[in-house]
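Undergrad: Starting from these lines, generate the structure:
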Amino acid sequence: MKIAIVGTGYVGLVTGTCFAELGTDVTCIDVNEEKIKALKSGIIPIYEPGLDTLVSRNVTAGRLHFHTDLREVLEGVEIVFTAVGTPPDEDGSADLKYVLQVAKTIGQNIKDYKLIVTKSTVPVGTAEKVRATIQAEIDKRAVDVPFDVASNPEFLKEGNAIDDFMKPDRVVVGVDSERAKLLMTDLYKPMLLNNFRVIFMDIPSAEMTKYAANAMLATRISFMNDIANLCERVGANPDMIRQGIGSDTRIGNKFLYPGCGYGGSCFPKDVKALIKTGKDNGYRMRVIEAVEEVNNDQKNILFDKFREYYNGDIKGKKVALWGLSFKPNTDDMREAPALVLVESLISAGCTVSGYDPVAMEEAKRRLGDRITYAKDIYETSENADAIFHVTEWREFRMPDWSRLKSSMNHPLVIDGRNVFDKSRLAEYGFAYLNIGH
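TA: Numbering: from 1, shown residues only. Have a look, this model is predicted:
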């Protein structure tokens, strides 16, 4: 089977590479010529563990190709995936201009049957807009070319995307024709031979499933942060509470870790889009609105603890940031809590030094010379008045506390991920603040 995937961002590149690994002939298309040139040279534009090896192997095997023009690769392709960006507009709605541009190009150029599958995260009703756009272009050509549309939302976790794709807990596919269903069955069958976990449904339900899933996960995070903040005021232990409620099989223990807020390319954008979809349809998403409000406040909690610890006297303080990406195992800084923290610290007159195992170049692109960049956690903590543990990278878990204390101006750790042990740090002479305690 030959497929094309438009968009070589996180979703498109991972999806295309993994399908190629399963034996499919895949062409990934992007209008960014520099990006395609780099990919052909083996340079991967994103950080995802194992992806560079997979891309190299499948390019060498002749199963994975890169191109800048969709029109030139349509012949012989059975399925075209749209994996372009859907950035939020100012009102929170998803911007569909790139999705519809792809649809327009397809309508202007297809000569035989194609299945057009939306992989991008899009609001309910997008498939019908795609269908109408393609049909309008076909009508302008005065030809009769059959096609179907489908929805196949992704559920990949950054940092674990390859395993998520190859061993999914489910694959959601929205179709409205038997031909489309059979094609998608053939495509996914090789990876799910023993346990075919594809859930077929109508297209609007598939589009909504993606938003509902991300909104539920975001809700669990904000719920636990709300509980942790209350625990801090009443003397309860959020870690014990997490164990207590997580052992209930109806609840489970995932996404119940208090912290300094969620970020990334999905949760913030999708929560906003779902709120906007509700408004557009005369319904207020009250729970989801609260989820967003709690998360926005939570991103300020580390700065608030720092300022309170120093009784407001923080101008001129030097601080160390451990972690800049929104989560470990990625260089993605979109909506990262670290960005909010940096803005607050700089506005308060603090000097900021940061370190991240993989997101340093992305941080420099976003922050420029507003902060300094260290080679490791020890350099970033020299003469510091506080360490902010923002991203829970594994290499941060067991530092040399004695070495850190001797190099710091004041031994204070503010742990935004509740990783460290307060009593252990006290033995080394550190003051320790975290979430919910």
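Undergrad: Low-confidence ranges, this structure, go.
TA: Within the chain, no stretch falls below the threshold (pLDDT under 70).
Undergrad: the domain parsing of it - what is it?
TA: Domain ranges of the chain: 2-201, 211-298, 301-433, per automatic domain parsing.
Undergrad: what about the first one, start to end distance?
TA: Okay, so that is domain 2-201. Using C-alpha to C-alpha, to the nearest Å, one end of domain 2-201 lies 24 Å from the other.
Undergrad: Asp415 contacts Tyr432, correct?
TA: Yes - Asp415 lies in contact with Tyr432 (C-beta atoms under 8 Å); the separation is 6.8 Å. Yep, even glycine has a C-beta here, placed from its N, CA and C like the rest.
Undergrad: So which bits of stretch 287-296 are buried?
TA: The neighbour-count check on stretch 287-296 (16 or more other C-beta atoms under 10 Å) flags Ile288, Val291, Glu292, Val294, Asn295 as buried.
Undergrad: who's in contact with the fourth one?
TA: Contacts for Val294 (C-beta atoms under 8 Å, 6 or more residues apart in numbering) come out as Ser222, Asn225, Asp226.
Undergrad: try 10 Å this time
TA: If a contact means C-beta atoms under 10 Å, 6 or more residues apart in numbering, then Val294 has Ala218, Thr219, Ile221, Ser222, Phe223, Met224, Asn225, Asp226, Asn229, Gly261 as its contacts.
Undergrad: likewise the second one?
TA: Counting by C-beta under 10 Å, 6+ apart, Val291 touches 215-223, 225-226, 262, 267, 271, 274-275, 285.
Undergrad: and Phe200, helix, strand or coil?
TA: strand (DSSP: H, G, I helix; E, B strand; the rest coil).
Undergrad: Is it bridged to anything, and to what?
TA: Val173 (DSSP bridges).
Undergrad: Wasn't Gly349 part of a helix?
TA: No - according to three-state DSSP, Gly349 belongs to no helix; its state is coil.
Undergrad: That one - how many residues pack around it?
TA: If you count neighbours by other C-beta atoms under 10 Å, Gly349 ends up with 10.
Undergrad: wait, it sits on Tyr310?
TA: No - between Gly349 and Tyr310 there is no contact under C-beta atoms under 10 Å: 12.0 Å.
Undergrad: Mind listing the shared neighbours of those two?
TA: The contact lists of Gly349 and Tyr310 share Lys317, where a contact means C-beta under 10 Å, 6+ apart.
Undergrad: Distance of the nearest residue to Arg242 once chain neighbours are set aside relative to Asn329?
TA: Counting by C-beta to C-beta, 6 or more residues apart in numbering, the nearest residue to Arg242 once its immediate chain neighbours are dropped is Leu256, at 4.8 Å. The gap separating Leu256 from Asn329 is 20 Å, by C-beta to C-beta, to the nearest Å.
Undergrad: Would you map the strands across the stretch 151-300 of the chain?
TA: Along the stretch 151-300 of the chain, the stretches classed as strands by DSSP state E, counting those that start in this stretch are 171-174, 198-201.
Undergrad: most remote residue from the chain's center?
TA: Ala142 (41.8 Å; C-alpha atoms, centre = their mean).
Undergrad: I'd like to know how many residues surround the nearest residue to Ala94 once chain neighbours are set aside.
TA: Nearest-residue entry for Ala94: Thr86, 4.2 Å, with adjacent residues in sequence omitted and distances by C-beta to C-beta, 6+ apart. Using other C-beta under 10 Å, Thr86 has 23 other residues around it.
Undergrad: thinking Asp148 is in contact with Val117, fair?
TA: Yes - between Asp148 and Val117 there is a contact at 9.0 Å, judged by C-beta under 10 Å.
Undergrad: Perfect, that will be all.
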